[in-house]
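J.: Here is a sequence with its predicted model. Questions after.
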Amino acid sequence: MVSNNQLLDRRRFLSLSGSSLAGLTLATCSIVLGNEVQSALDKKARRTLRLAHMTDLHVQPERWADKGLTACLHHVQNLKDRADLIITGGDTVMDSFSQDDQRATLQWNLFHSIMKSECSLPVKSCVGNHDTWGWNKKKSKTSGQEPHWGKQRAIDELKIPNRFYSFDQAGWHFIILDGTHTDGKNGYIAKLDEEQFSWLSSDLANTPSSKPVLIVSHQPILSIASLFRGDNQNEGVWTIPSARMLVDAGILKDLFKKHPDVKLCLSGHLHLVDCVHYCGVTYLCNGAVSGAWWKGDNQECDEGYGLIDLYEDGTFAHQYVAYNWTPMPEPKKESMILRDNGAQFGCPKVPRRLPQCYFQTACNAPFCTQEIRLL
Ligand SMILES: [Fe+2]
């Protein structure tokens, strides 16, 4: 759990971090510093990487999510002290878990279009539950036999080597996990499967003990904010649903105890910001780029991203950065506007005669996001 000396007030934080934060907007209730950070700042260890952890983008045509993601990417790239790497933490699209192919394609194409035109930083990605295509067969109207059904679609869209993988960069070892596991019905459980746990054990065993390890999962391995849901007071019990936090956190904790080089675990999924320091590992949940799914703040969590400095001695510094997004109002069915960026792809114009559906693409060009919006 977070102790008092791990939560520093804003003035103290700024005095510690000096000019490196100039130009940033710091979200309230989200400046979380661990003992590791204090150590790094005191020792003035050499920083080897600045990482922007952008999780829960939930790209969709509605609510100007494309402009929100663009604003976030601009914020990351316009920092005076620019990030070296972006890791997207899952839930890249609003939802493909319960959506048909057409709707999933629309969201992924919108994401690709934005990243192509607005992002010049290298990107690594983690799969989220909403990136997995069609697991709710009933709602997605899929059979499971479609090519790229399930995780494969997310792997292909995100251009990652596997649903879990690792890489080395800047003297650190990065492990990206997949915490979305089928429940055998139309939902999922947050956990690692046996194949993945075995791979993780081997990967850690093969990592030199001198190399610090950072782990990314979509669902938190350990999170205190997981408790903030439902009506615990009236129910008289604290509960954490199995889709909210990895149910195998216990065996992961035990595994990490054998590998003190595991320093930091990043997650998203909750759309909340928290920090848990347990058995030498810091677990950070880094809010959401989309806030409350593009409807504003989610409880205390602004639309934002985690900014993490990694140091050569295995220490790190973390802050949650709000990028000042103003949510758009609820859609009203009475009025509609036409948004047309298809011209740049040589696509035909969207007809002025408006369809009955909520929105539609006007053509099948891969990056065309012509659409009718309800405002
Ligand atoms: Fe999410």
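T.: The structure has been received and is ready for your questions.
J.: what's the residue nearest the centre of the chain in contact with, if anything?
T.: Centroid-nearest residue in the chain: Thr55, 1.5 Å away (criterion: CA atoms, centre = their mean). Residues near Thr55 by CB atoms under 8 Å, 6 or more residues apart in numbering: 88-91, 126, 128, 218, 266-269, 286-289, 305-306. The C-beta positions use only the backbone N, C-alpha and C, and glycine is treated the same way.
J.: which ones among the residues you listed come in contact with the ion?
T.: Asp91 (CB under 5 Å from the ion).
J.: Narrow the contacts of Thr55 to those in helices?
T.: Counting by DSSP state H, no part of the contacts of Thr55 is found in helices.
J.: Now, of the contacts of Thr55, which are buried?
T.: Buried by 16 or more other CB atoms under 10 Å: 88-91, 126, 128, 218, 266-269, 286-289, 305-306, out of the contacts of Thr55.
J.: Quick one: the strands in the stretch 151-300 of the chain, in order.
T.: 165-169, 172-176, 180-182, 188-190, 213-216, 262-267, 273-278, 281-286 (DSSP state E, counting those that start in this stretch).
J.: Could you list the contact residues of the stretch 1-150 of the chain toward the ion?
T.: Proximity of the stretch 1-150 of the chain to the ion, by CB under 5 Å from the ion, involves residues 56, 91.
J.: residues touching the closest residue in space to Asp131 that isn't next to it in sequence, list them.
T.: Of all residues not flanking Asp131 in the chain, Ala154 sits nearest, at 3.9 Å (CB to CB, 6 or more residues apart in numbering). Shown in contact with Ala154 (CB under 8 Å, 6+ apart): 92, 96, 127-128, 131-133, 163.
J.: what about the stretch 201-350 of the chain, any weak spots by pLDDT?
T.: By pLDDT under 70, the weakly predicted segments of the stretch 201-350 of the chain are 329-350.
J.: Let's see that with 90 instead.
T.: 229-235, 239, 327-350 (pLDDT under 90).
J.: mind listing the helices for it?
T.: Remark: helices assigned in the stretch 201-350 of the chain by DSSP state H, counting those that start in this stretch are 232-235, 249-257.
J.: okay, the ones you listed, which one's buried deepest?
T.: helix 249-257 (a mean of 16; mean count of other CB atoms under 10 Å).
J.: Which strands or helices does that helix pack on?
T.: helix 194-205 (3 or more CB pairs under 8 Å, 6 or more residues apart in numbering; DSSP states H and E).
J.: The helix it packs on packs against which elements?
T.: With 3+ CB pairs under 8 Å, 6+ apart as the test, helix 194-205 has strand 172-176, helix 249-257 packed against it.
J.: closest one to the ion among the ones you listed?
T.: Checking these against the ion by CB to the ion gives strand 172-176 as the closest, at 16.7 Å.
J.: Dump that closest one to PDB, restricted to CA.
T.: Presented in PDB, the C-alpha positions along strand 172-176 are these (Å, rounded to 0.1, in the frame of the first residue of the first chain):
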ATOM      1  CA  TRP A 172      16.300  -2.400 -19.000                       C
ATOM      2  CA  HIS A 173      14.400  -5.600 -19.800                       C
ATOM      3  CA  PHE A 174      10.800  -5.000 -20.800                       C
ATOM      4  CA  ILE A 175       8.100  -7.700 -20.600                       C
ATOM      5  CA  ILE A 176       4.700  -7.200 -22.100                       C
END
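J.: List the strands paired with it, with their directions.
T.: strand 165-169 (antiparallel), strand 213-216 (parallel) (DSSP bridges).
J.: what angle do that strand and helix 194-205 make?
T.: Using axes from the mean of the first three to the mean of the last three CA atoms, to 10 degrees, the inter-axis angle of strand 172-176 relative to helix 194-205 is 180 degrees.
J.: taking the mean pLDDT, what do you get for strand 172-176?
T.: The average of the pLDDT scores along strand 172-176 is 98.
J.: relative to strand 262-267, how tilted is it?
T.: 40 degrees.
J.: chain center to strand 172-176: distance?
T.: 16 Å (CA atoms, centre = their mean, to the nearest Å).
J.: what would the helices and strands packed on helix 194-205 look like in a markdown table with distance to Asp313?
T.: Listed next are the helices and strands packed on helix 194-205 as a markdown table, based on distance: least, CB to CB, whole Å:
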| stretch | distance to Asp313 |
| --- | --- |
| strand 172-176 | 11 |
| helix 249-257 | 19 |
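J.: before we move on, the earlier item: can you put the strands paired with strand 172-176 in CSV and add distance to the ion?
T.: Shown next, in CSV, are those (distance: least, CB to the ion, whole Å):
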stretch, distance to the ion
strand 165-169, 21
strand 213-216, 15
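J.: Of those, flag the one that's most buried.
T.: Mean neighbour counts for the strands paired with strand 172-176 (mean count of other CB under 10 Å) peak at strand 213-216, with a mean of 23.
J.: What segments of the stretch 1-150 of the chain are helices?
T.: Counting by DSSP H, counting those that start in this stretch, the helices of the stretch 1-150 of the chain are 10-17, 35-43, 65-77, 101-118, 137-140.
J.: quick one: contacts for Gly287?
T.: 27, 30, 55-56, 268, 271-273, 298, 301-306, 320.
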